[in-house]
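In: The following comprises the amino acid sequence and a computationally predicted model.
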Amino acid sequence: MSDLNVIKLNCLQALKSETSPAKLEAALNAGVGLLADIQKAFADASTVPEIARWCQSIKDLQAQSCKQRTVVGVVGSTGAGKSSVINAVLNQESLVPTNGMRACTATITEIQYNDADDSQESFRGEVHFITKDEWMKELHILFDDLQAPGNNRSGDSSTGAEFFGSESAPAVAYDKIRCVYPHVLKDDMLKRKFTPQDLAQDPSVAGVLGTVKEVRACTIKEFNEKLQVYIDSKEKAKGRQKDSDRTTEYWPLIKVVRLFVKSKVLEPGLVLVDLPGIHDSNAARSTIASKYIEECTGLWVIAPITRAVDDKAAQTLLGSSFKRQLQFDGTYSALTVVCAKSDDLLEGNEEQFKQELLPIKNLLDENKASSKTYEDTIESLETAIESAKDDDQVLMKTRLSVASKRKPKDTGFDSRKRSKQDQLYEESDLGDDFDDDLGDAEYTEETEIISRKDAELRLKTLKAEKKAIKEQGSDLERRAKLVRKQLKETRHGCEHMKALIKSACIQFRNNYSRPVIQQQFAEGIRELDQENAAMQDEENFDPSFEARDYTEVATRLPVFCVSSRAYLKMAGMLKKDEPTTGFISIEETQIPALQEHALNIVAETRAAGCRKFLTDLSSFLVSLIVQIIIAEKPLKLADDMKEKELAFLKEALAKVTKELHSNVDESFHGFEKAIQSQIIDKLKSSVRLAVDTATETAKAWGQLRDQDGRRGLVFLTYRATCLRDGVFKASRGPLDWNQELCDPIVKRIAPNWEQIFTKTLPRGIKHLGKDLAKSLEDFEGRMHERQQLRDSPSYHLVRN
């Protein structure tokens with residue numbers, strides 16, 4: 001073994017402690033090249049058993065050198081700006097749709113680097129569909145939702161119709177089934193003229209269930225057009241269609257969408273995953289979301305900066321159960337908060353409130369017209385009955401407005417789906433009082449002869465319907481009043497903000513929001529620690545005791561205040577948009593800083609992988625070279641001396657082996673004792689507590705809902721949660737009854753779990769490492785005392 005080779009091995013050993021990602025990557029590439037040379041040298045002798053083992057070791061090392069996936073999950077509420085942030089980070093204008101494709105807001109979207117060399121495959125996508133069994137399971141739940149109390153099982157559409165015009169479980173179920181099966185009618189659903197098995201076998205659906213559809217394109221425009229075939233919601237994009245024009249939509253059947261794009265941020269191995277949440281209504285997607293979270297190296301919480309501080313984004317979006325899971329995993333440091341839309345000042349909300357007010361105005365107009373019609377009809381009926389006196393027949397004259405015969409305006413959700421041109425209105429329409437032009441309406445008169453009994457029954461029915469219309473009108477007036485108030489406040493705030501320089505406003509808000517969000521996150525962790533401490537020992541609970549340095553927790557939370565739109569505009573994209581204001585340089589958008597942060601996450605993972613590779617490579621090379629040296633230059637000793645040295649070596653090996661095993665056993669027993677006392681024993685008492693409290697916990701779910709909504713559930717929500725095995729994403733927030741039943745266990749063992757696995761075990765392993773190193777050093781010292789061993793050609797190589 002030459003001195004030069006020894007020096008190279010020493011350099012390899014030194015590189016294992018290198019911190020520079022570039023140097024580590026260079027060393028790894030050199031190591032891969034060296035392995036290729038050795039593999040080539042062994043090619044002609046690969047059938048020899050000893051050589052075959054070396055070749056397998058080389059293959060294992062080569063596989064270890066490949067780039068590892070560094071998964072970063074992106075979470076945020078609807079409209080938070082997740083898609084825009086992802087597009088900006090990847091330097092793409094519209095890779096992830098931002099304007100209402102339902103699958104992109106409800107489906108997991110994984111984005112990774114595209115390594116295809118073909119220019120025709122610059123953009124690639126994979127749409128993974130759920131299996132037939134998974135779809136049938138969801139169909140059973142959707143059918144049960146359709147049969148919720150209030151719906152008429154006989155199929156009479158006049159009963160329960162209100163459920164099909166709302167966000168109730170029956171309405172959502174009906175909408176989802178009609179999207180996939182546009183030919184299915186509501187009455188047929190209610191009468192159960194077909195089963196989930198029948199629907200799952202429909203040719204248009206059976207052909208995609210359990211499959212993966214691939215999409216390839218050379219431009220982003222072509223790619224999005226091809227992808228929309230599977231993920232777009234046509235009804236949402238184009239308004240309600242005629243039944244004959246409807247086609248099958250596939251977004252409810254999608255499990256996960258994988259996109260492959262060329263991006264410098266993704267090239268090192270970064271994988272961005274848009275996670276809609278772990279409480280998805282689709283069980284298959286929910287399971288996959290949970291698995292992704294387990295794999296995540298980092299987690300980005302996206303919230304619009306206009307609400308980030310008030311909504312306590314870092315606390316609210318994650319939820320207590322998720323934060324507790326971070327506590328179990330010891331991964332608080334994996335969180336990053338991204339405040340999106342940093343250039344959105346208050347004027348951005350004015351149009352939003354106007355759009356909210358528009359459908360309410362339409363509903364009020366229709367409500368007033370209906371109310372007027374009812375009043376006229378009731379007045380005519382009362383007059384006719386009074387005029388008929390004792391006659392059995394009643395001559396009824398009905399005065400109807402021409403407007404009442406016209407097709408009603410779109411309201412509610414439909415009004416939001418009309419074109420922009422249809423939504424144009426004058427500013428005066430949004431004042432404190434809506435225009436009431438009913439007095440100018442034209443009328444027609446109709447004559448009808450009916451029995452007195454029918455007339456009285458009709459009068460009673462009309463009065464009841466009129467009362468309902470008035471109650472609805474009062475509710476609409478309250479809603480309109482609230483939105484008008486918000487609009488007025490927004491306009492007032494907008495005038496104030498316009499008096500300031502926009503750039504100064506943005507920077508001031510960014511600098512204010514960042515420390516506040518960090519402090520809120522630390523306070524959330526403090527509350528969690530105090531809750532755990534109180535659960536463990538309520539009598540001796542001391543709220544002033546700090547389980548950790550919460551100032552450090554706050555400081556270590558990365559917070560970025562970004563403007564995706566401004567970044568893309570300043571980067572030469574979004575050419576049709578108006579010029580951006582408020583930013584002097586592209587760096588002020590903080591997207592470049594977020595990109596660098598993403599690359600640093602990858603670099604840390606890659607550096608750890610490089611160091612492990614170099615360590616294993618060094619061990620492999622030393623073992624290989626020692627074997628070669630021993631084969632080429634065996635140690636020449638007299639037989640009696642050889643036996644003496646072998647006896648000494650066996651004794652020394654036996655001693656060091658015993659010491660190593662003793663150190664490991666001692667540490668293992670210490671770990672086992674700590675886990676037993678701090679976790680296993682606590683677990684037993686915690687399970688008993690969970691059993692004792694389970695009944696009261698379950699009773700609370702079935703209680704009548706109180707006025708503030710803190711206790712009890714609406715029956716439809718209760719029913720939907722039961723159908724979904726205790727997990728349901730309700731309007732009031734996600735429900736997880738299984739987690740609630742487990743809370744007495746989780747809360748009691750969480751602090752000890754964190755202590756054991758983030759402090760006790762790492763500290764014990766570090767101490768064990770020192771003990772093992774000392775035993776090996778002692779063994780090396782004893783070998784160094786043997787002159788015969790020092791003269792061995794391989795001795796200095798192994799020692800170095």
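Out: Thanks, I have it. Owing to the predicted nature of the structure, the values given are computational and were not obtained by experimental measurement. Numbering: from 1, shown residues only.

In: those strands in the stretch 551-700 of the chain, which residues are they?
Out: 559-561 (DSSP state E, counting those that start in this stretch).

In: who does whichever helix in the chain runs longest touch, helix- and strand-wise?
Out: What stands out as the longest helix in the chain, according to DSSP state H, is helix 452-498. Counting contacts by 3 or more C-beta pairs under 8 Å, 6 or more residues apart in numbering; DSSP states H and E, helix 452-498 is packed against helix 347-388, strand 393-401. In this view, the C-beta of every residue, glycine as well, is placed from N, C-alpha and C.

In: worst average pLDDT in these?
Out: Comparing mean pLDDT over the helices and strands packed on helix 452-498, the weakest stretch is strand 393-401, at a mean of 60.

In: who's in contact with the residue sitting nearest the centre point of the chain?
Out: The chain has Leu275 as the residue nearest its centroid, 2.3 Å off, counting by C-alpha atoms, centre = their mean. For Leu275, the contact set (C-beta atoms under 8 Å, 6 or more residues apart in numbering) comprises Gly73, Val74, Val75, Ile108, Ala289, Tyr292, Ile293.

In: Can you classify the second one by secondary structure?
Out: Okay, so that is Val74. Under the three-state scheme (DSSP: H, G, I helix; E, B strand; the rest coil), Val74 adopts strand.

In: Number of residues surrounding it?
Out: 25 (other C-beta atoms under 10 Å).

In: Mind listing the residues bridging to it?
Out: With DSSP bridges applied, Val74 shows beta-bridge pairing to Asp274, Trp300.

In: That one is in contact with Lys82, isn't it?
Out: Yes - shown here, Val74 and Lys82 form a contact pair, counting by C-beta atoms under 8 Å, at 5.6 Å.

In: shared neighbours, these two?
Out: Asp274, Ile302.

In: Please report the number of neighbouring residues for the spatially closest residue to Phe648 that is not a sequence neighbour.
Out: Spatially, and ignoring its direct neighbours in sequence, Phe648 is nearest to Arg786 (6.8 Å; C-beta to C-beta, 6 or more residues apart in numbering). The local packing of Arg786 (other C-beta under 10 Å) involves 16 other residues.

In: what about Arg786, distance to Ser667?
Out: Per C-beta to C-beta, to the nearest Å, Arg786 is found 30 Å from Ser667.

In: got it, and Tyr113?
Out: As judged by C-beta to C-beta, Tyr113 and Ser667 stand 41 Å apart.

In: Next: Asp118.
Out: 54 Å.

In: who's more crowded, these two?
Out: Ser667 (18 against 9).

In: And that one, what's its pLDDT?
Out: On pLDDT, Ser667 comes in at 94.

In: so how far is the longest helix of the chain from its chain's centroid?
Out: When distances are taken as C-alpha atoms, centre = their mean, to the nearest Å, helix 452-498 is centred 37 Å away from the chain's centroid.

In: what's near enough to touch Asp725?
Out: Asn738.

In: Check what pLDDT it gets.
Out: Per the predicted model, pLDDT is 85 at Asp725.

In: That one - that's part of a strand, no?
Out: No - judged by three-state DSSP, Asp725 forms no part of a strand; its state is coil.

In: Can you report phi and psi for it?
Out: Dihedral pair for Asp725: phi 60, psi 30, per degrees, to the nearest 10.

In: and the gap between it and Asp736?
Out: 10 Å.

In: Also Thr47?
Out: 58 Å.

In: List just the nearest of the contacts of Leu275 to Val89.
Out: Val74 (9.3 Å; C-beta to C-beta).

In: so what's that closest one up against?
Out: Lys82, Val85, Ile86, Leu272, Val273, Asp274, Leu275, Trp300, Ile302.

In: So the fifth one is in contact with Gly298, correct?
Out: No - applying C-beta under 8 Å as the test, Val273 and Gly298 come out as separate, 10.3 Å apart.

In: list residues touching both of these two?
Out: Listed as contacting both Val273 and Gly298 by C-beta under 8 Å, 6+ apart are Val71, Val72, Gly73.

In: With distance to Phe508 and pLDDT as new columns, can those be given to me in a markdown table?
Out: Converted to a markdown table, the shared contacts of Val273 and Gly298 look like this (distance: C-beta to C-beta, whole Å; pLDDT from 0 to 100):
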| residue | distance to Phe508 | pLDDT |
| --- | --- | --- |
| Val71 | 35 | 91 |
| Val72 | 29 | 92 |
| Gly73 | 31 | 89 |
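
In: Tell me the one among these nearest to Arg514.
Out: Nearest member of those to Arg514, counting by C-beta to C-beta, is Val72, at 20.0 Å.

In: Contacts only, for the closest one.
Out: Val72 sits next to Leu270, Val271, Leu272, Val273, Cys296, Thr297, Gly298, Leu299, Trp300, Ala598, Ile601 when contact means C-beta under 8 Å, 6+ apart.
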